[in-house]
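Visitor: Sequence and predicted structure below; questions after.
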Amino acid sequence: MSPPKTFHVKSFGCQMNVYDGERMAELMAAQGLTQADAVDADVVVLNTCHIRERATEKVYSDIGRLRKDQRRKSGKTPMIAVAGCVAQAEGEEIFTRAKVDIVVGPQAYHNLPELVAKAAAGTPSLDTDMPLLSKFGALPSRRKVTPSAFLTVQEGCDKFCTYCVVPYTRGAEISRPFAAIVDEAKALVDAGAREITLLGQNVNAWSENERGLHDLIRDLDRIPGLARIRYTTSHPNDMTQGLIDAHRDIESLMPFLHLPVQAGSDRVLKAMNRSHTRDSYLRLLDRVREVRPDIALSGDFIVGFPGETDAEFADTLSLVDAVGYAQAYSFKYSPRPGTPAASIVEQVPESVMDERLQRLQAALNRDQHAFNAATVGRTCTVLLERTGKLPGQLIGKSPWLQSVHLIGNHVIGDLVEVTLAAAGPNSLTGIERIAEAA
């Protein structure tokens, strides 16, 4: 196989995978390869997610579809690399089932150029080592980015929730060094970022010596040109008072908090090995709202965890009613091989999970629409991120992470003062606020 000249990276799943995909693309570009569509690229990287039950089968389906599409268009067969969490979990099995060229885990993708060179020479390559953060030192400098950029500060998880594969695919909790994070943040701002979202499996577990995430945010707040800071995903166990106070004290820290709860029943939470109770979670939200009354809350929910009864699901619905989430993600329980919950005998029937998920999502959608409607009439700053479908339309994000549509004489990356004029279920319309003459 001749050395590839073009590449394509396709990422699935979480925001950390989006970040990893961007970094892999930068690696390939640094080797002189040109980005191309998947049906044209010489090497295609599938950056996978392993959270859901059908994730693995989806990867094999995508591999087959990709090969078929390229054969139909050009008659060639692409070099295929499977990266990410499915690669870490499946390992050599992927070679057996799909005969791909490269399998590389989420902690080893900095070796991708070397693996591509080996594959081009005819040697399929596997790298699922999990060295401690060595990949970040091997990655190229950040280049031009979008107005809102991701920055990974923490990886891995020590919580071992009984339904979750992350500790096995991403490894133990580890924090990137403070200086390296600040340097990358400055590079992102120099490349055009106005907003940075700090990422981690448990991002609020970030620490270095006596410093916590709130200290890191305070230092990032001093970077000239960085207008907005966000962070995700948080764990209730690591939500310190210092981080809560940061929402009161730091203007650039946006009034949005994603804090997964997963269920409203204490028995289910204990079975999940979550370290919080329903009451401790609600009291934590009260403390956050005390310092930042306008904060938008987001969460994650799993319905149909093994053994969940109708009454316990009702506890989840009542928790949703109590909180009033601005946004939320909800999923049916999905047994992951090797996790403790997968071996529980009392699996909830699929039909029951379907019905519960529909009821939960109806409640969450109701509350999201209500939150959006309650912000109508507010004046806020919107960061414009992309073009819309209508002529002259741009779409950006409010401080509360709402999509806002605006028509005006602006460019992507502008921060515009708008009045939120109308609310839909998933977005709002903004009208530019024109300052009155003195």
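Guide: Right, received. Where do you want to start? Residues are numbered from 1 along each chain as shown.
Visitor: gap between residue 19 and residue 412?
Guide: In this view, residue 19 and residue 412 are 20 Å apart by C-beta to C-beta, to the nearest Å. Just so you know, the C-beta spots here come from the backbone N, C-alpha and C atoms, and that holds for glycine as well.
Visitor: export the helix or strand hosting residue 428 as CSV, just CAs?
Guide: Using DSSP states H and E, residue 428 sits within strand 427-432. Listed next in CSV are the C-alpha coordinates belonging to strand 427-432 (Å, rounded to 0.1, in the frame of the first residue of the first chain):
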residue,chain,number,x,y,z
SER,A,427,-33.7,27.3,20.4
LEU,A,428,-34.5,30.9,20.8
THR,A,429,-34.7,34.0,18.5
GLY,A,430,-32.6,37.0,19.4
ILE,A,431,-32.9,40.6,18.5
GLU,A,432,-29.7,42.7,18.6
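Visitor: Who does it pair with, and is each partner parallel or antiparallel?
Guide: strand 403-407 (parallel), strand 415-423 (antiparallel) (DSSP bridges).
Visitor: mind putting the ones you listed in CSV, mean pLDDT included?
Guide: CSV is the format used below for those (pLDDT from 0 to 100):
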stretch, mean pLDDT
strand 403-407, 95
strand 415-423, 96
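Visitor: quick one: least confident helix or strand in this structure?
Guide: Lowest by mean pLDDT, DSSP states H and E among the helices and strands of the chain is helix 134-138, with a mean of 69.
Visitor: and after that one, which helix or strand comes next?
Guide: strand 148-152.
Visitor: Direction included, what does that following strand pair up with?
Guide: Within its sheet, strand 148-152 is paired with strand 195-199 (parallel), according to DSSP bridges.
Visitor: Show me the contact partners of the strand it pairs with.
Guide: For strand 195-199, contacts defined as C-beta atoms under 8 Å, 6 or more residues apart in numbering pick out 15-16, 19, 147-154, 185, 188-189, 206, 213, 216-217, 220, 226-233, 254, 383, 397.
Visitor: Filter those residues down to just the ones in strands.
Guide: Under the assignment DSSP state E, these contribute 148-152, 154, 228-232, 383, 397 to strands.
Visitor: Next, give me the two most distant ones among those.
Guide: 154 and 383 (24.1 Å; C-beta to C-beta).
Visitor: With neighbour numbers in mind, choose between the two.
Guide: A count of neighbours by other C-beta atoms under 10 Å puts residue 154 above the other of residue 154 and residue 383, at 26 against 21.
Visitor: Please name the bridge partners of that one.
Guide: Beta-bridge partners of residue 154, as defined by DSSP bridges: residue 175.
Visitor: can you tell me which residues contact it?
Guide: Here residue 154 is in contact with 173, 174, 175, 176, 199, 200, 201, 202, 203, 205, 206 (C-beta under 8 Å, 6+ apart).
Visitor: one more time with 7 Å
Guide: If you count contacts by C-beta atoms under 7 Å, 6 or more residues apart in numbering, residue 154 has them with 173, 175, 176, 200, 201, 202, 203, 205, 206.
Visitor: Assess the claim that the last one and residue 214 are in contact.
Guide: It refers to residue 206. No. Applying C-beta atoms under 7 Å, one finds residue 206 not in contact with residue 214, separated by 9.7 Å.
Visitor: So between those two, which is more surrounded?
Guide: Neighbours per residue (other C-beta under 10 Å) separate residue 206 from residue 214, with residue 206 holding more: 27 against 20.
Visitor: Tell me the predicted confidence for that one.
Guide: Looking at residue 206, its pLDDT is 97.
Visitor: gap between it and residue 428?
Guide: With C-beta to C-beta as the criterion, residue 206 and residue 428 are 32 Å apart.
Visitor: likewise residue 411?
Guide: Per C-beta to C-beta, residue 411 is found 20 Å from residue 428.
Visitor: Between these two, which is the more surrounded one?
Guide: Here residue 411 and residue 428 are compared on neighbour count by other C-beta under 10 Å; more neighbours surround residue 428, at 24 against 9.
Visitor: The more buried one: what's it in contact with?
Guide: 372, 375, 402, 404, 420, 422.
Visitor: What segments of the stretch 301-438 of the chain are helices?
Guide: Remark: helices assigned in the stretch 301-438 of the chain by DSSP state H, counting those that start in this stretch are 310-323, 350-375.
Visitor: tell me what the shortest one is packed against?
Guide: The one in question is helix 310-323. In terms of contacts (3 or more C-beta pairs under 7 Å, 6 or more residues apart in numbering; DSSP states H and E), helix 310-323 is packed against helix 278-291, strand 296-303, helix 350-375.
Visitor: and residue 75, which of these is closest to it?
Guide: helix 350-375 (41.9 Å).
Visitor: Which neighbouring elements make contact with the closest one?
Guide: So helix 350-375, by 3+ C-beta pairs under 7 Å, 6+ apart, packs with strand 296-303, helix 310-323, strand 327-332, strand 415-423.
Visitor: Tell me what angle that helix forms with strand 327-332.
Guide: Between the axes of helix 350-375 and strand 327-332, defined by axes from the mean of the first three to the mean of the last three C-alpha atoms, to 10 degrees, the angle is 180 degrees.
Visitor: follow-up on the earlier one: I'd like the ones in strands among the contacts of strand 195-199 as a markdown table, with distance to residue 318 and pLDDT appended.
Guide: Formatted as a markdown table, the ones in strands among the contacts of strand 195-199 follow (distance: C-beta to C-beta, whole Å; pLDDT from 0 to 100):
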| residue | distance to residue 318 | pLDDT |
| --- | --- | --- |
| 148 | 35 | 96 |
| 149 | 38 | 94 |
| 150 | 34 | 93 |
| 151 | 37 | 94 |
| 152 | 36 | 92 |
| 154 | 32 | 93 |
| 228 | 34 | 98 |
| 229 | 33 | 98 |
| 230 | 29 | 98 |
| 231 | 28 | 98 |
| 232 | 25 | 95 |
| 383 | 35 | 97 |
| 397 | 31 | 97 |
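Visitor: Could you point out which of the residues you listed is nearest to residue 69?
Guide: Distance to residue 69, by C-beta to C-beta, is smallest for residue 150 among these, at 28.7 Å.
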